[in-house]
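*Asks:* okay, predicted coordinates and the sequence, questions at the end:
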Amino acid sequence: MSTGNRLFVLLSSLVFLACGKSKQQADLIIHHAKIYTVDSAFSTAEALAIKDGKFLAVGSNDEILANYEADTLQDLQGRPVYPGFYDAHCHFFEYANTLHQVNLVGVSSPEELVERVVAFRKKYPQDDWIIGSGWDQNKWQHKAFPNNEALNKLFPDVPVYLRRIDGHAALANAKALAAAGITIHRKQPVGGLIEHRGSELSGILVDNAMDLVQNQIPTPDEREMTSRLLEAEQACFGVGLTTIADAGLASREIDLLHKLYQDNKLRIREYAMVAMSPTQLEEYLKKGIYTSDQMDVRSFKIVGDGALGSRGACLLAPYSDQASQGFLLLPPAQLDTIVRRVAESDFQLNVHAIGDSTNRTVLNLFTKYLKGKTNRRWRIEHAQVISPSDFNKFKGTGIIPSVQPTHATSDMFWALDRLGRERLKGAYAYKQLLEEAGTVALGSDFPVEDINPLFGFHAAVARVNSENKPEGGFQMENALSREEALRGMTQWAAYACFQESSRGTIEKDKLADLVVLEQDIMKVPDTALRSVKVFETLVNGKTVFPAK
């Protein structure tokens, strides 16, 4: 064969190989997007391919379109894409139930509270109990707890139970108190308060006293609870949430979640914290850790104290506006025993700690029993008020602050009254916590706060409320950058749940959970953040919002 013929054959072979190169098959290709991968370099991309519920490749438009093909191609026309949002601390079951209760969020007076209850009763006259939540006396002119006089007159034969917005205080009418056997002579429960006003019961119950009434309220049957959870799930998808950390569940609730996932009815990913009780501690220590792509049960949740708004948070010194210091909800010796028991297992421990005294107690116990093990990822839920000398107890310990930025902007106008100016400096100190701990996991505590994670993003970076007040922001030295806030609701939240190998970033082989927004939260002005809408939410590479 001549040299010319050999060259012709060689060139022909190369052309054949180039033309014959097949593209790799994917299920979905997204292109012409602004993709925030939230990887270690915080890199961005233009396109990605998904197959079998996982990210197959992430890169430029040219790279992905040249090397992959799919039946479904989606041109996002420049829209921003982020890893599916986390809520690192919320109450999914409670939120599902509030969708069918009296909504008292934003009531401006005790009178308006009663008006909403009356209107609800007219709409649902068949209910055996009237349940509601969301009132906050700090928004009222006199900022005093309400009493049950009007409810007693209007509903003498129907029990009424109305939780404060933080879930750490409630107002019960006389019928509800009677159902729980609460009289003026009832002994005060440990870690709780039954409020007396002279020789009468006001109906106010704080922290552990609430259980006396709550234990009497009928629970929805499985069919009704399932319906409520599916409704709540769709609300989560509508704001871009794909994974939720449910902060304290009973075994019956965990069992229902297992069933719903097995039956493929529920799609949102669930990190279930077991609510601490003697029986549940023994039950789940015996069962051991359970993990799957859909649901994890590998942590216990302890409620260490109450809330600042109801003065149940345990402080090192008395409140600035009242002579009390709040209280721990468990005796210190019992708390010590529980922490030791969990430390001897492989379970994570997450403790609700609001007051500086509770935070100090919990940090000291964690340090005592972790004994230098920095990958247990035990969490302080809220970490709300920290004494200046205690911040460094997060450093190098692996203890994770799990915080809710909207708490700062909800509380900021009255927190000064509770704490005083000096103590307030160590409250809602998210930047300082991040600098000490290296990570912060961000959540909302919904339904205590709004379900929308972008409200928390806005509060974290701008430190203002929905009305963009106060001007200049609240204690801006503790604002997070936008990159830090986004990591807190994706990558760092996943890490706090031991899920960083499967989600939290957009990278090859991770679960294909993502959210597409109409505007870029890394670019729009602070004042526009709360109005940004979700264009699409995907779980396992499948669209879950908008619902089809």
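*Replies:* Ah, there it is. Numbering: from 1, shown residues only.
*Asks:* residue contacts, E449?
*Replies:* The neighbours of E449, taking CB atoms under 8 Å, 6 or more residues apart in numbering as the test, are 404, 406-407, 410, 455-456. The way it works is simple: take the backbone N, C-alpha and C, and place the C-beta from them, glycine included.
*Asks:* of these - the most surrounded one?
*Replies:* Per-residue neighbour counts (other CB atoms under 10 Å) across these peak at G456, which has 30 neighbours.
*Asks:* distance of that one from K139?
*Replies:* Distance of G456 to K139, given as CB to CB, to the nearest Å: 20 Å.
*Asks:* same question, G59
*Replies:* When CB to CB is applied, the distance between G59 and K139 equals 50 Å.
*Asks:* is it true that L538 touches I506?
*Replies:* No - with contacts counted by CB atoms under 8 Å, L538 stays clear of I506, the gap being 10.9 Å.
*Asks:* any shared contact partners between those two?
*Replies:* By CB under 8 Å, 6+ apart, the residues touching both L538 and I506 are L514.
*Asks:* can you tell me which residue is spatially central in the chain?
*Replies:* When the chain is reduced to its mean C-alpha position, the closest residue under CA atoms, centre = their mean turns out to be H89, at 2.7 Å.
*Asks:* can you give the strand pairings for the strand or helix carrying it, parallel or anti for each?
*Replies:* Taking DSSP states H and E as the definition, one finds H89 inside strand 85-90. According to DSSP bridges, strand 85-90 has the following sheet partners: strand 241-249 (parallel).
*Asks:* now do the helix or strand following the partner strand: which elements does it pack against?
*Replies:* Read in the C-terminal direction, the helix or strand following strand 241-249 is helix 251-262, with elements assigned using DSSP H and E. Contact here means 3 or more CB pairs under 8 Å, 6 or more residues apart in numbering; DSSP states H and E; on that basis helix 251-262 packs against helix 222-238, strand 269-275, helix 278-287, strand 295-303.
*Asks:* between those, which gets nearest to H31?
*Replies:* In this view, the helices and strands packed on helix 251-262 are compared for proximity to H31 by CB to CB, and helix 222-238 is the closest at 23.0 Å.
*Asks:* contacts for the closest one, please.
*Replies:* 87, 92-93, 95-97, 99-100, 219-220, 242, 244, 256, 260, 265-268, 451, 534, 537, 539, 544-545, 547.
*Asks:* cool, stretch 315-325 as well?
*Replies:* Contacts of stretch 315-325 with the rest of the structure, by CB under 8 Å, 6+ apart, involve 311, 314, 326, 355-357, 360, 385, 387, 416-420, 423.
*Asks:* confidence score at T219?
*Replies:* For T219, the pLDDT comes out at 89.
*Asks:* list the contacts for it?
*Replies:* M225.
*Asks:* check the gap between it and I182 for me.
*Replies:* With CB to CB as the criterion, T219 and I182 are 20 Å apart.
*Asks:* check the gap between the residue lying closest to L56 once chain neighbours are set aside and S501 for me.
*Replies:* In space, not counting the residues next to it along the chain, L56 is nearest to A49; the distance is 4.3 Å by CB to CB, 6 or more residues apart in numbering. Per CB to CB, A49 is found 20 Å from S501.
*Asks:* so for those two, which sits in the more crowded spot?
*Replies:* Between A49 and S501, A49 has the larger neighbour count (other CB under 10 Å), namely 30 against 10.
*Asks:* show me the domain layout of this structure.
*Replies:* 16-78, 86-90+221-505, 93-214 (automatic domain parsing).
*Asks:* please work out which of these is packed deepest.
*Replies:* Per residue and on average, the most neighbours among those fall to domain 86-90+221-505, with a mean of 20 (mean count of other CB atoms under 10 Å).
*Asks:* on that earlier part again, and the contacts of helix 222-238, which of them are in strands?
*Replies:* Among the contacts of helix 222-238, DSSP state E puts 87, 242, 244, 534, 537, 539, 544-545 in strands.
*Asks:* wait, which of those residues is closest to P80?
*Replies:* Among the ones in strands among the contacts of helix 222-238, and counting by CB to CB, the member closest to P80 is V534, at 11.0 Å.
*Asks:* does that closest one have beta-bridge partners, and which?
*Replies:* When bridges are assigned using DSSP bridges, the partners listed for V534 are L517.
*Asks:* now do the helices in the stretch 301-450 of the chain.
*Replies:* If you assign secondary structure with DSSP state H, counting those that start in this stretch, the helices in the stretch 301-450 of the chain sit at 332-343, 356-370, 405-419, 421-424, 430-437.
*Asks:* shouldn't L171 be within a strand?
*Replies:* Yes - when DSSP: H, G, I helix; E, B strand; the rest coil is applied, L171 is found to be in a strand.
*Asks:* please report how far it lies from A247.
*Replies:* Summarising the geometry, the distance separating L171 from A247, computed by CB to CB, is 23 Å.
*Asks:* what's the answer for L65, then?
*Replies:* Using CB to CB, one gets 43 Å for the distance from L65 to A247.
*Asks:* for the stretch 301-450 of the chain, which residues score under the pLDDT cut-off?
*Replies:* Applying pLDDT under 70 to the stretch 301-450 of the chain picks out no residues at all.
*Asks:* got CSV for the helices of the stretch 301-450 of the chain, with distance to Y82 too?
*Replies:* Supplementary listing: those in CSV, determined by distance: least, CB to CB, whole Å:
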stretch, distance to Y82
helix 332-343, 34
helix 356-370, 31
helix 405-419, 17
helix 421-424, 33
helix 430-437, 20
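*Asks:* for V190, which of these is the nearest?
*Replies:* Proximity of the helices of the stretch 301-450 of the chain to V190 was assessed by CB to CB; the nearest stretch is helix 332-343, lying at 9.5 Å.
*Asks:* report the distance from that closest one to the chain centre.
*Replies:* Helix 332-343 has its average C-alpha position 25 Å from the chain's average C-alpha position, going by CA atoms, centre = their mean, to the nearest Å.
*Asks:* appreciated, that's everything.
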